[in-house]
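Chemist: Please work out how this folds:
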Amino acid sequence: MAIKKNIAIIMGGYSSEYQISLKSGNVVYNTLKSSNYTPYRIHIFKDKWVFVDHEDQEFPVDKNDFSVLINNKKVTFDCVFNAIHGSPGEDGFMQAYFKLLDLPQTSCDMYQAALTFNKRDCLSVLKPYGILTAESYYLNLGDTIREDDIIKKVGLPCFVKANKAGSSFGISKVHKKEDLQTAIDVAFKEDDEIIIESFLDGTEVSVGVITYNGETKVLPITEIVSENDFFDYKAKYLGQSQEITPARLTAEQEEKVVTVARKVYEILKMKGYSRSEFIFKDGEPHLLEVNTVPGLTNASILPQQAAKAGISMLELFKSAIEEALKK
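Modeler: Okay, the predicted model is just below:
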């Protein structure tokens, strides 16, 4: 009988999203428990990296080789399943660390993670390939804020976003010039770089693109209908939005966004899971951002899309592990 492979599921992280990551990680753990892998829950926090057993006992991780000593027995891992949203799982740090240890992991490589986590840099790289985006204005902490210049470039209403934060933290929609400064202050609480974008008034969709059984696969598209002014944290996680899969798009719109999403994945040489957000303006999909560690809870968009494509949670997770082990 083949020995079961040890899979470390990393979860937690250093950002405001750690609770969502723990939920995602636990879904992966519970799904893999009944599989032909042996899953281990690894919590990654600033003050500790620990293996957490089924009785919630904690055992420290040896960062030299990412091993754990459990009851005097050293446990090493065959593959790492990355379920950390935000830093250090989605911005390249963990990817670089595992690369140095020569340990396979399920998400994209270090450069792709760092690039996509930086919204402005990612959009800048994709623009020459004809990928459409919103008009944008960039600010770094300490820059002089010229409100008239900003509004001249992006118009009103506009979105003010932290450049490198996930899960809609630090985002505001600004309708009036006098609210711009407050929105900028909110975004600077999350990051020292800001991206201010023109408001695109159109259908918003989320497109999952994954490597599945060795092929780039675009999953059924989800339409985001927020009850709030936009798809903010409350809409995302507190159920104040409707997610409609498959999205209500014309055949032409669907074909366009599938083509662009696949193109983005391939231009960036992505691996593993990704979820890109687009808004249609004048019938054309405009890219907002690319997420490389999308939520994996039962309520999350990517698993919903996979289910519509006839892919179970177990198949979705197993495919990611098998792809990582191939390398």
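Chemist: middle-most residue in the protein, spatially?
Modeler: Residue closest to the average C-alpha location in the chain (CA atoms, centre = their mean): residue 291, at 3.0 Å.
Chemist: Apart from its chain neighbours, what residue comes closest to that one?
Modeler: Nearest-residue entry for residue 291: residue 275, 4.7 Å, with adjacent residues in sequence omitted and distances by CB to CB, 6 or more residues apart in numbering. (Glycine included, C-beta is placed from N, CA and C.)
Chemist: shouldn't residue 122 be in contact with residue 289?
Modeler: Yes - the pair residue 122 and residue 289 qualifies as a contact (CB atoms under 8 Å) at a distance of 7.1 Å.
Chemist: Give me the more crowded residue out of these two.
Modeler: Between residue 122 and residue 289, counted using other CB atoms under 10 Å, the more crowded position is residue 122 (22 against 18).
Chemist: What segments of the stretch 101-250 of the chain are strands?
Modeler: Secondary structure of the stretch 101-250 of the chain, counting by DSSP state E, counting those that start in this stretch: strands at 136-140, 158-162, 172-174, 193-198, 204-212, 215-218, 222-226, 241-244.
Chemist: Mind putting those into a markdown table with mean pLDDT?
Modeler: Shown next, in a markdown table, are the strands of the stretch 101-250 of the chain (pLDDT from 0 to 100):
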| stretch | mean pLDDT |
| --- | --- |
| strand 136-140 | 95 |
| strand 158-162 | 92 |
| strand 172-174 | 91 |
| strand 193-198 | 94 |
| strand 204-212 | 97 |
| strand 215-218 | 96 |
| strand 222-226 | 89 |
| strand 241-244 | 86 |
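Chemist: how about the ones you listed, which one is nearest residue 62?
Modeler: Comparison of the strands of the stretch 101-250 of the chain against residue 62 by CB to CB identifies strand 204-212 as nearest, at 30.4 Å.
Chemist: The closest one pairs with which strands, and in what direction?
Modeler: Sheet partners assigned to strand 204-212 using DSSP bridges are listed as strand 215-218 (antiparallel), strand 222-226 (antiparallel), strand 273-281 (antiparallel).
Chemist: for those, which one sits closest to residue 79?
Modeler: Proximity to residue 79 (CB to CB) singles out strand 273-281 among those, at 14.7 Å.
Chemist: where's that closest one relative to the chain centroid, distance-wise?
Modeler: Mean-position distance between strand 273-281 and its chain equals 11 Å (CA atoms, centre = their mean, to the nearest Å).
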